[in-house]
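# Build me a structure from this.
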Amino acid sequence: MTDEAGRRRRRYAWDGARALVGVALVAAPAWTVLSTGDAVRHQHVSLAVLLGASLLAGVALLVTTALRLRADRRAGRVHELVVDPSADDATTRVLPEEASAPVLPSPADAPVPSPALVVPSPSRARRALRATGAGVGLVLLAVLAGAAAWLRPFPATPVALDALASDDTVEVVETGGWYAFVPRGVEPTTGLVYSPGARVDVRATAVVLRPLAEAGHVVVALKEPLGIALTSPEQPAAAMAAYDGVTSWTMGGHSLGGVAAASFAAAHDDEVAGLLLHASYPLGDMSDADLRVTSVSGSADGLTTPDKIEASRADLPAGTTFVEVEGAVHAFFADYGPQPGDGTPTVSRADAQQQIVAASLAALTAP
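Here you go, the predicted model:
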């Protein structure tokens, strides 16, 4: 195989990789949006920005790759290696590929290549550096495509969406940072800031959280950046500031959202009165935190298993209340359908959620 043929094969392979990544960059956000309805529109804006960036990057990559392939075909050029005595490195003279076989002059009669046709070849080190940079860039774009697919939210079910309607008892308010369930006709002094589980549509929490507002508590469900609570650890502070009439706050969360809530509550136990964990546990030891803590879990949870809940006892304050809902699974703490890796329930979702709500209300009203 000639050097020129080898270069062409490497270039075709590179263009193929670019096209493959370009397709992934376009397909991932398209699949995320098409498979979740209007869920993306109701999450934190960062998710829409990431999906948009993936789409634009994919279109740009596909267009530039197509244009380069088209230019190569139209130009029909081959590269002939010549030596320019005035240059340190080899140089390249470009000849039309479609031209008839040229009659090459003898070495004695060969003219000196025209400066316009002589292009110094980049040094090997520069070529390697350029190829490495392009490779790293393509890998980063592939990571972006993967993130656009992996961050697809678990969309809320119709039952959860129905619970978002305002009525005479609860006003549901959507902002850029959260959904708030605000009791009507009273001036609530207690409130809950709640972080959904990772990649869970914030609206999916409505069935479990709305009854708490109906009982007279302000409840704020956070729209987490990219759907991951730990991306913005101080986000609950903004929600607390927005409802300054509340004098007693509890932090709460489901799964990874509970981890974030526990971290915030432990760091702000002078401002926060309680912690409500739904199928969750703290990231580290917070046993000395001045908080009333309630941990609600499911006995059939395949993700936050009973063993993990038992192990979390040592990291929580001694007076923590533990409530296990018999037969409940991880996905019963919100309404977004089944979740990969979860257990098999032995109780109905409605029954389990009734018990989850009752335990949560007890946590908010505990002295």
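# so what's residue 171 up against?
Neighbouring residues of residue 171 by CB atoms under 8 Å, 6 or more residues apart in numbering: 181-182, 184. Where you see a C-beta, it was placed from the backbone N, CA and C, and this is true even at glycine.
# buried set for stretch 328-340?
328-336, 339 (16 or more other CB atoms under 10 Å).
# Show me this protein divided up by domain.
3-150, 158-365 (automatic domain parsing).
# deepest of the ones you listed, which one?
domain 158-365 (a mean of 20; mean count of other CB atoms under 10 Å).
# tell me the secondary structure for residue 194?
strand (DSSP: H, G, I helix; E, B strand; the rest coil).
# Now residue 236: closest residue in space, sequence neighbours ignored.
residue 193 (4.3 Å; CB to CB, 6 or more residues apart in numbering).
# ok, what's across the strand from the one you found?
Assessed by DSSP bridges, residue 193 has beta-bridge partners residue 220, residue 251.
# Distance-wise, check it relative to residue 50.
Separation of residue 193 from residue 50 (CB to CB, to the nearest Å) stands at 24 Å.
# One more: residue 7?
On the measure of CB to CB, residue 7 and residue 50 end up 36 Å apart.
# Equivalent analysis for residue 248, please.
36 Å.
# Which of the domains of the chain has the lowest mean pLDDT?
Mean pLDDT values for these show the minimum at domain 3-150, a mean of 77.
# who touches the closest residue to residue 157 other than its chain neighbours in this structure?
Residue nearest to residue 157 in three dimensions, not counting chain neighbours: residue 335, with 4.5 Å by CB to CB, 6+ apart. With contact taken as CB under 8 Å, 6+ apart, residue 335 is in contact with 156-157, 159-160, 204-208, 349.
# 10 Å instead?
154-163, 200-201, 203-208, 349, 353 (CB atoms under 10 Å, 6 or more residues apart in numbering).
# Phi and psi next, for the residue nearest to residue 165 when sequence neighbours are not counted.
Distances taken as CB to CB, 6+ apart place residue 172 nearest to residue 165, at 6.8 Å, with adjacent residues excluded. Backbone torsions of residue 172, given as degrees, to the nearest 10, read phi -100, psi 120.
# Just grab the bridge partners of residue 172 for me.
residue 181.
# I figured it hits residue 180, correct?
Yes: shown here, residue 172 and residue 180 form a contact pair, counting by CB atoms under 10 Å, at 7.3 Å.
# Touching both of the two, which residues are there?
In contact with both residue 172 and residue 180: 213, 219, 221, using CB under 10 Å, 6+ apart.
# Assign a three-state SS to residue 284, would you?
coil.
# Over to residue 297?
Per three-state DSSP, residue 297 ends up strand.
# wait, what's in contact with it?
So residue 297 contacts 277-281, 304-306, 308-310, 312, 322-325, 328, 330, 333, 356, 359 (CB under 10 Å, 6+ apart).
# next one: residue 38
Applying CB under 10 Å, 6+ apart, the residues near residue 38 are 155-156, 161, 201, 203.
# For the residue positioned nearest the centre of the chain, give me the backbone phi and psi.
Most central in the chain under CA atoms, centre = their mean is residue 151, positioned 3.6 Å from the mean C-alpha point. Per-residue torsions, residue 151: phi -80, psi 10 (degrees, to the nearest 10).
# Make sure it is actually in contact with residue 51.
Yes: the pair residue 151 / residue 51 is scored as a contact, 8.2 Å apart, by CB under 10 Å.
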